[in-house]
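[1] Have a look; sequence and predicted model below, questions after that.
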Amino acid sequence: MFKGAEKPARILIVEKDELYAMLLRRAFEIQGDPVQFESVSAIRDALRSIAASPPDLIIADSKLPDGQGLDLLQGSDDGFRLPVILMTEIGDEKTVTEAIAAGALDYVVKSDVIISEMPQIARRALREIDLIRRKRQAEEDLRRSEEQYRALVQSQGEGIGIVDAEERFVFANPAAEEIFGVDQGRLIGRSLKEFMTDAEYARIIEETGRRRSGERSTYDLEIIHPGGEPHVLMVTATPQVDRDGKYTGAFGVFRDITGMRRAVDALRESEERYRRLVEFLPHGVGLIQDRKFVFANPAAVKMLGFDRLEEMTDLLARTLLPEMEYERLAPLFKDVERGSEGSPWHFTTRIRRKDGVEVSVEAYVTVVTHQGKRALQIFIMDRSGIEFLDH
């Protein structure tokens, strides 16, 4: 401290002997230390000075006209105890012990030697108090950081939990407790095995093997609530290790995706029903995108004289229409390409089979989206038998 410091240290000397106080100041001046001094001779004056502006260090006589030097061992506005060096004319072990226990940084016996050494004693005391302040500030910063982290984790909508090496919960936030269907505080100490079937728990053990190897992964997990209701979770698990690198458990973030899974399953079932309906329809169904066939059901493939769908893939729709019919339907294709939705189109036309034979059909056309792009879904019925009867 002192030399090289950003600003002079402020030292309050509380000494009833004015000569001794002057000798102390002189010792600092000889050392060339940048110090600002204030000298008082009584406790009341010292307390008044401290209240106005707390000093960096107090050097005080242990016995003063209106009290004890120990009376100055009080806290400052920032919560730290003021640094005090106590001086006495006669020292004994008991007095020294009591002074240090009360919070004094040092306790010295007045002498000519102590006067000359006081700058070094003061430097040591200021370094000590600076270390104490830094340590306490670091502890306070850490406490605040932990509080912020705890508040963040506790308020998360996603479940956050930590399990030990035996798959027992050692931490769970409120969202995790809700996801597992238990009351607040009832998840800690419980095993994952309690919430799933043996087969699902075997998957957990397999995943734990990856954690033990240091792997992080995301996977779906099926659990059963205490009430018997099944739920599906999406879990992201990260291994936890101690200072020696030994596996101690896993940190998991999980989200209940039961509703999403049900929606996906319902969509898949709906698509399967639609696919089977289209596959077994006796009438032709196809998709035309960029004026090419991208799909046709078996009835459409047969109606157009092909053996397999692959023969029609990327086939230009124009090749299946006689020239006059294509010219008549060209505006419909252009409307779709310009973004027109309109109502479904219903018309009769003639199509050309693979073997060149023309067939009369009745068509229903609607605009749909296929793989993110607009397309025409076409439903066609063979009218050959109807035309024969008409004749």
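    It's in.
[2] When you work out contacts or count neighbours from here on, use the C-alpha atoms and nothing else.
    Fine.
[3] where exactly do the helices run in the stretch 51-200 of the chain?
    93-102, 112-155, 174-179, 198-212 (DSSP state H, counting those that start in this stretch).
[4] what's the second one packed up against?
    Put plainly, it is helix 112-155. Helices and strands touching helix 112-155, by 3 or more Cα pairs under 8 Å, 6 or more residues apart in numbering; DSSP states H and E, are helix 18-31, helix 174-179.
[5] In CSV: those helices, plus mean pLDDT.
    Shown next, in CSV, are these (pLDDT from 0 to 100):
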stretch, mean pLDDT
helix 18-31, 89
helix 174-179, 92
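[6] what sits against residue 189?
    168, 169, 170 (Cα atoms under 8 Å, 6 or more residues apart in numbering).
[7] Mind checking which of those land in strands?
    Using DSSP state E, 169, 170 are the members of the contacts of residue 189 that sit in strands.
[8] Need the winner for burial among the helices of the stretch 51-200 of the chain.
    Scoring the helices of the stretch 51-200 of the chain by mean neighbour count under mean count of other Cα atoms under 10 Å gives helix 174-179 as the most buried, with a mean of 20.
[9] From the structure, what's the count of residues near the closest residue to residue 55 other than its chain neighbours?
    Leaving aside its sequence neighbours, residue 55 sits nearest to residue 10 (Cα to Cα, 6 or more residues apart in numbering; 5.2 Å). As a burial measure, residue 10 scores 17 neighbours (other Cα atoms under 10 Å).
[10] out of the helices and strands packed on helix 112-155, nearest to residue 344?
    Among the helices and strands packed on helix 112-155, helix 174-179 comes nearest to residue 344, with 46.6 Å by Cα to Cα.
[11] what packs against the closest one?
    With contacts defined as 3+ Cα pairs under 8 Å, 6+ apart, helix 174-179 has these neighbours: helix 112-155, strand 159-164, strand 247-256.
[12] mind exporting it as CSV, just the C-alpha atoms?
    The C-alpha atoms that make up helix 174-179 are tabulated as CSV, following Å, rounded to 0.1, in the frame of the first residue of the first chain:
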residue,chain,number,x,y,z
PRO,A,174,-40.6,-27.1,-9.8
ALA,A,175,-41.1,-27.7,-13.5
ALA,A,176,-39.4,-31.2,-13.2
GLU,A,177,-41.7,-32.1,-10.3
GLU,A,178,-44.8,-31.1,-12.3
ILE,A,179,-43.6,-33.0,-15.3
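[13] centre of the chain versus it, how much separation?
    With Cα atoms, centre = their mean, to the nearest Å as the basis, helix 174-179 stands 16 Å off its chain's centre.
[14] would you turn the helices of the stretch 51-200 of the chain into a markdown table with distance to residue 164?
    As requested, these are exported to a markdown table (distance: least, Cα to Cα, whole Å):
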| stretch | distance to residue 164 |
| --- | --- |
| helix 93-102 | 43 |
| helix 112-155 | 19 |
| helix 174-179 | 16 |
| helix 198-212 | 11 |
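[15] between these, which has the poorest average model confidence?
    Note on those: helix 93-102 shows the lowest mean pLDDT, a mean of 75.
[16] got the contact list for that one?
    The contact list for helix 93-102, computed with Cα under 8 Å, 6+ apart, reads 70, 73, 86, 106, 107.
[17] are any of the contacts of residue 189 buried, and which?
    168, 169 (16 or more other Cα atoms under 10 Å).
[18] For the contacts of residue 189, give me a markdown table that also has distance to residue 93 and pLDDT.
    Below are the contacts of residue 189 laid out as a markdown table (distance: Cα to Cα, whole Å; pLDDT from 0 to 100):
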| residue | distance to residue 93 | pLDDT |
| --- | --- | --- |
| 168 | 55 | 95 |
| 169 | 54 | 95 |
| 170 | 50 | 94 |
